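Trainee: Structure for the following, please:
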Amino acid sequence: MDTPFLIEQVYDTPIEKMWQALTDKDKIKEWYFPQLKKFKPIVGFKFEFTDDGSNYKKEWRVTQVEEGRKLAHSWSYKDYPGSSEVTFELFEEGNKTRLKLTHTGLASFPRDPHFAQHRFEDGWKQIIGSNLKNYLKKITP
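Mentor: Below is the predicted model of the structure:
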């Protein structure tokens with residue numbers, strides 16, 4: 001059974017700044033994926049990454065955009081079966097923003113230590129709980 005991974009966090013930043021952090025290529029590189037070369041928040045847009053020598057080449061496409069509210073993208077790997085989807089949903093809470101991240105389809109990946117669910121979960125805890133949080137602290141007065 002494929003249980004989606006879900007994490008929610010409230011950030012002390014307005015929703016507009018959070019949306020920019022999710023949709024501006026240069027901002028995304030700071031907290032999400034430094035290897036990002038090209039990105040546009042347009043459904044169907046294919047992310048481009050620099051070649052970091054990894055055997056696991058990401059193949060991501062934007063799957064949903066609701067301006068200021070939701071961004072989703074596929075997450076798959078070249079030459080490996082399986083495809084998942086990451087959804088970022090934003091909720092305004094006064095001058096703060098609650099981010100709900102859902103990652104579905106993890107069970108579709110091969111049974112291989114690189115694709116183990118705990119690796120994705122640990123990664124998201126680092127990305128959402130630390131990287132994004134620290135980035136937003138840096139840009140929010």
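
Trainee: need the strands for the protein, in chain order.
Mentor: 5-11, 36-38, 48-49, 58-59, 62-66, 70-77, 83-93, 96-104 (DSSP state E).

Trainee: Run through this structure and note the low-pLDDT ranges.
Mentor: 1 (pLDDT under 70).

Trainee: Can you pull up the most central residue in it?
Mentor: When CA atoms, centre = their mean is applied to the chain, the residue found nearest the centroid is Val86 (6.0 Å).

Trainee: wait, doesn't that one sit right on Lys70?
Mentor: No - using CB atoms under 8 Å, Val86 makes no contact with Lys70, being 11.3 Å away. Every residue, glycine included, has its C-beta placed from N, CA and C.

Trainee: quick one on the thing from earlier: once you drop chain neighbours, what's closest to the residue nearest to the centre of the chain?
Mentor: Spatial nearest neighbour of Val86, excluding adjacent residues (CB to CB, 6 or more residues apart in numbering): His103 at 5.1 Å.

Trainee: Let me see the contact set for the one you found.
Mentor: By CB atoms under 8 Å, 6 or more residues apart in numbering, the contact set of His103 is Pro4, Phe5, Leu6, Trp75, Ser84, Glu85, Val86, Thr87, Phe120, Trp124.

Trainee: which one of the residues you listed sits closest to Met18?
Mentor: Closest approach to Met18 among these (CB to CB): Thr87, at 14.4 Å.

Trainee: Spit out the contact partners of that closest one.
Mentor: Neighbours of Thr87 in contact, by CB under 8 Å, 6+ apart: Gln64, Lys70, Leu71, Ala72, Lys100, Leu101, Thr102, His103, Thr104.

Trainee: which of those residues are buried?
Mentor: Neighbour-count burial (16 or more other CB atoms under 10 Å) applied to the contacts of Thr87 gives Leu71, Ala72, Leu101, His103, Thr104.

Trainee: show me what contacts Tyr56?
Mentor: Tyr77, Tyr80, His114.

Trainee: Ignoring the adjacent residues along the chain, who's closest to the second one?
Mentor: This means Tyr80. Counting by CB to CB, 6+ apart, the residue nearest Tyr80 is Pro110, at 6.3 Å.
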